[in-house]
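Engineer: I'll drop the sequence and a predicted model, then ask my questions.
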Amino acid sequence: MAQGPVKSMGSYLWARVTHLVKCEAEVDKMKVKVDSLLRDKTDMETIIEHANYECRVASEATKQWILDVEEIATQAKDLVVECKGKNPARHDLHDADATQKARKKIEVMNPIRRLQIGALAIKLLARAEELLKHRNDLFLLVPCRRPPNTLMLRNNVMEFGSRNEIVSQIINALKEDKVHIVGVYGPCGIGKSLLVAAILEKMKTQKEFDEVITVDLREKPGLEEIKNSFAKQLGMIYSAKLNAHRAAFLAEKLKEKKSILFLDNAWESLDLWKMGIPVEECKVIVTTQKIEVCKYMGAQVEISVDFLTEKESWELCKFKAGVPDISGTETVEGKIAKRCGRLPLALDVIGTVLCGKDKRYWECALSELESSYPLEKAEVLQKIYMPLESSYNHLEGDEKKSLFLLCSLFPGGHKISKNELTSYWTGEDIFNEFNTLEETRRKLHMRITDIEDSFLLLPINYTKCVMMHDIVRDVAVFIASRFCEQFAAPYEIAEDKINEKFKTCKRVSFINTSIEKLTAPVCEHLQLLLLRNNSSLHELPENFFQSMQQLAVLDMSNSSIHSLLLSTKDLAAVRTLCLNDSKVSRGIWLVSSLENLRVLSLAGCSIDSLPEQLGNLKKLRLLDLSSMESLEILEGLISKLRYLEELYVDTSKVTAYLMIEIDDLLRLRCLQLFIKDVSVLSLNDQIFRIDFVRKLKSYIIYTELQWITLVKSHRKNLYLKGVTTIGDWVVDALLGEIENLILDSCFEEESTMLHFTALSCISTFRVLKILRLTNCNGLTHLVWCDDQKQFAFHNLEELHITKCDSLRSVIHFQSTNNPTNQLARNCQHLELGRKSTTTAYLSKPKGTQCSALRKLDFVLVARVAAMLSNLERLTLKSNVALKEVVADDYRMEEIVAEHVEMEETVGNEIVSADTRYPAHPADVGDSLDPEAFPSLTHLSLVDLPGMEYFYKVGGEIMRFSWKSLVSLKLGGCHSLKGFPIHGASAPGLKNVELVHNGDKSWYQTLISQDASLAERFKTTQE
């Protein structure tokens, strides 16, 4: 009877002995099993990750299994480390040296702990085997579900950060008593209607209004139909007899309650009074794609609704498509979201269509979107394309519609040059052949502006280009495909489809395609052909153009074709030919047979000389020879082109004889001319007829090729380098009308700007807006003011002076009794420092006479500072001698500019030259008004170790109001004895930026002098 217990006791002891002796072997066995378990876990996670593309996610049981594996793996790792003194890889178990070291480690372990480790290893082994078995029974994946209803707020554009400010603007405008009409404008599909409707619903719930009356004007309903809609929503019923008094009844009804009228999707302005709406008694909010509608209806507040941010677009797409949060923006879903271009309508519709679809479906959808083929889905066409097509239909006139479709011939995201569009339209003869190029440009600009105002084209800031949103372009391609009049080829296209399009279309575009070969097509209707940027297309069949008798525009820019074809002679109707940056170097003489040619653009072409036969192009109006420095122009060729209106020449071989030929071009209105031989500019012979030069509407005459990049929007530009004397024809004909002037290395003897230019009065520069002076070592003073009234550079916007070793002052006042000088009253940015920058500047002269400028201890006198009423940026840096920024007028004769810099700002940082700000008169001895610098937004004082004050009067530190200041940078000004602002000034300034790490203690000491300052700027960041 005792045998059973004895046997059990024996088994127990034997197990303990086994744990004690074979502890390492049991740990190794457990580790092998756990490693196998981890491999299964890794494989499972890979499956789950790929399942996301198919809108499936891990089941709850799967998630728990993964957590269990992670827990046992952690325990196993700790056990191995304790047992073996390290965490060896699996192959270490079979390594003799590693095994021997591990055994030595075990020999010194506590026997009791060895028993515990062995037992725990057996337990973990059993658990690992259990998890491995359970792995095969798991229901691994489940379908992906949308987020819970609590996240539905994401569908409301009001919840997006980019919309918060817009919502506040609309609500504040509607609450403002003096505001009766609010205009909300933006692109189609941007969410204007949804946004306003949500705001009005919220305000009605909050009892801000009694009635919200909504009328959809998308289909342009008639006046009576609109009145009927108003009346019906107000519960009014009219008989036919009272129809004539409907407006009066409507007005009376609107006065009874606090009402707001929501006019949605307005395409044209409405006469609200005529409709019986008492504008002064109610509120009106209008949504439209055209800002003109807001203006014409008299909106007191106009609010723009822009595209979502990239992050918001991704959030909306994920929600609509049911995409898990773990998906990234580089996945298929992320690429589709990017393709929607931050347009809420597209993100909403496409996300909804693709929700629940598998990975392959998503990939096919992306392929279709990228190739600009419309998705073959009724809901996509109805919900995205049709609203945008309605915007197209509302464009007034066939010219605008044709221009809009023309822009869709360019690839998505392409910068579309207005100059290119002008060339194409001139070729297509849209405005008929009697218009000049200038008139064509003007009309084109008006049409483009109208299309931009409808948000079907997007302007590119500070360039003469526009862009078409990808989704809008897809719609344009879809519209054009229905009419079968134009075709824009995708990157890859079959040859049979090419031939089909050539037969039926009037416009065909092959831009950035993979085409390697084209056959001679049959295309009797073709009028425009773009063969641009096709790097794989090296040749065409000689008879390629043979059937293109109607072709009016041919663009082969950036092509790899080396020779024009003999069939070029068959292009009798061509009016525009562009070979910009092409490899065409042979057969250019064939162009002479194109008798109707109006525009010939060869910019950057590979030809070395112009053939004499080009003189036969009697109707040519534009000739572009820019970026062709080595081009030879035969004598007498240019003078034959008597109808030229625009000429662009960048060859280094321009001579006086060529300029005489240009003088014969009486119709010329636009000239771009590179003159390498600067001696021509010093001639006093009357090379140009004065009357002729003054007829030029715009010109760029320059002596350095790279300076062409400095051209802004100004029409008349003169850039001279190495010209020591200026010829009479330059003085008489050019300087008086110049808007942008650069002089580089042009002063040899000491003189002023007036003496060098041989002008009778500095006021001759009456329209000068930009002046750059560099390496002019003879320049001593920019302006020398005598007792006579001076109006020097009163339209000047930017002043750049650098490396002028002899410069002693920018403004020299011979007398201190003249407060009337209006120097550079439009300057907006002054920067003083030692280092040159890429922006515009008036910098410290360098070279042998630099030491003479070390006495500079101030920048401006009070009189000049008072004139800078529209100065927006002031940056002073790196000047060891500067003690104060503004000095009293008695020191005006000591003015020496070490570095005055006016940043090349654009947009809202530039005040129009047509705007005039009254100067602050400052008589000698008067202190500067505390309200000075009223427009200053950015002030930077950096590395000015000697500066003690910004401005001091009679021993007292002057502080200004700085009512526009929003940014202040400080650093390295440890001698500063007074903070430049006081506690109540600069209301828009939220913080002070310290430039150097070591400035904080000095800064805290400085502001501690004023308790209000210390409290206000205690959060200053380094």
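Structural biologist: That came through fine. Residues are numbered from 1 along each chain as shown.
Engineer: now the helices for the stretch 451-600 of the chain?
Structural biologist: Assigned helices in the stretch 451-600 of the chain, in chain order: 470-483, 495-504 (criterion: DSSP state H, counting those that start in this stretch).
Engineer: contacts for the last one?
Structural biologist: Counting by C-beta atoms under 8 Å, 6 or more residues apart in numbering, the neighbours of helix 495-504 from elsewhere in the structure are 484, 487, 489, 508, 515, 517-519, 521-523, 525-526. Every residue, glycine included, has its C-beta placed from N, CA and C.
Engineer: Mind doing that once more with 10 Å?
Structural biologist: 481, 484-490, 493-494, 507-510, 513, 515, 517-526, 529, 547-548 (C-beta atoms under 10 Å, 6 or more residues apart in numbering).
Engineer: Can you tell me which of the helices of the stretch 451-600 of the chain is packed in deepest?
Structural biologist: Looking across these with neighbours counted as mean count of other C-beta atoms under 10 Å, the highest average goes to helix 470-483: a mean of 20.
Engineer: now that one: mean pLDDT?
Structural biologist: Per-residue pLDDT values across helix 470-483 average out to 83.
Engineer: Check which helices and strands that helix sits against.
Structural biologist: Identification of packing neighbours for helix 470-483 by 3 or more C-beta pairs under 10 Å, 6 or more residues apart in numbering; DSSP states H and E yields helix 332-339, helix 344-354, helix 359-370, helix 386-393, helix 398-407, strand 486-488.
Engineer: Arg114: which of these is closest?
Structural biologist: Between Arg114 and those, the shortest gap by C-beta to C-beta is with helix 359-370, which sits at 52.4 Å.
Engineer: The helices and strands packed on helix 470-483: which one's closest to Arg621?
Structural biologist: Ranking these by their distance to Arg621 (criterion: C-beta to C-beta) puts helix 398-407 first, at 19.9 Å.
Engineer: Check which helices and strands the closest one sits against.
Structural biologist: Counting by 3+ C-beta pairs under 10 Å, 6+ apart, the packing neighbours recorded for helix 398-407 are helix 386-393, helix 418-428, helix 437-453, helix 470-483, strand 486-488, strand 507-511.
Engineer: one more time with 7 Å, if that's ok
Structural biologist: helix 437-453, helix 470-483 (3 or more C-beta pairs under 7 Å, 6 or more residues apart in numbering; DSSP states H and E).
Engineer: The stretch 1-150 of the chain: strands as residue ranges?
Structural biologist: 56-58, 141-143 (DSSP state E, counting those that start in this stretch).
Engineer: And the next helix or strand past the last one?
Structural biologist: In other words, strand 141-143. helix 161-175 (DSSP states H and E).
Engineer: need the contact list for the closest residue to Cys83 other than its chain neighbours.
Structural biologist: Spatially, and ignoring its direct neighbours in sequence, Cys83 is nearest to Val27 (4.8 Å; C-beta to C-beta, 6 or more residues apart in numbering). Residues touching Val27, when contacts are defined by C-beta atoms under 7 Å, 6 or more residues apart in numbering, comprise Leu79, Val80, Cys83, Ile117, Ala121.
Engineer: among the helices and strands packed on helix 398-407, which is nearest Ser1008?
Structural biologist: Taking C-beta to C-beta as the criterion, Ser1008 comes closest to helix 437-453 out of the helices and strands packed on helix 398-407, the separation being 53.4 Å.
Engineer: tell me what the closest one is packed against?
Structural biologist: Helix 437-453 makes packing contacts with helix 398-407, helix 418-428 when contacts are defined by 3+ C-beta pairs under 7 Å, 6+ apart.
Engineer: buried ones in the shortest one?
Structural biologist: Burial within helix 398-407, assessed by neighbour count using 16 or more other C-beta atoms under 10 Å, is assigned to Glu399, Lys400, Lys401, Ser402, Leu403, Phe404, Leu405, Leu406, Cys407.
Engineer: what's the angle between that helix and helix 437-453?
Structural biologist: Angle of helix 398-407 versus helix 437-453, following axes from the mean of the first three to the mean of the last three C-alpha atoms, to 10 degrees, is 80 degrees.
Engineer: Could you tell me how far helix 398-407 lies from the centre of the chain?
Structural biologist: Its chain's C-alpha centre lies 24 Å from the corresponding centre of helix 398-407 when counted by C-alpha atoms, centre = their mean, to the nearest Å.
Engineer: So for it, mean pLDDT?
Structural biologist: When pLDDT is averaged along helix 398-407, the result is 91.
Engineer: what does that helix rub up against?
Structural biologist: Residues outside helix 398-407 that contact it (C-beta under 7 Å, 6+ apart): 392, 395, 416, 421, 424, 430, 447-448, 450-451, 456-457, 468, 476, 479-480, 486.
Engineer: can you give me the helices for the stretch 201-350 of the chain?
Structural biologist: Listed from the start of the chain, the stretch 201-350 of the chain has helices (DSSP H, counting those that start in this stretch) covering 223-233, 246-256, 291-296, 310-321, 332-339, 344-354.
Engineer: C-alpha coordinates for the last one, CSV please?
Structural biologist: Output in CSV follows, covering the C-alpha atoms of helix 344-354 (Å, rounded to 0.1, in the frame of the first residue of the first chain):
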residue,chain,number,x,y,z
PRO,A,344,-13.0,67.8,-50.3
LEU,A,345,-15.5,66.8,-53.0
ALA,A,346,-13.1,64.4,-54.7
LEU,A,347,-11.8,63.0,-51.4
ASP,A,348,-15.4,62.4,-50.3
VAL,A,349,-16.7,60.8,-53.4
ILE,A,350,-13.7,58.7,-54.3
GLY,A,351,-13.2,57.6,-50.7
THR,A,352,-16.8,56.4,-50.5
VAL,A,353,-16.6,54.6,-53.8
LEU,A,354,-13.4,52.7,-52.8
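Engineer: Fine by me, we can end here.
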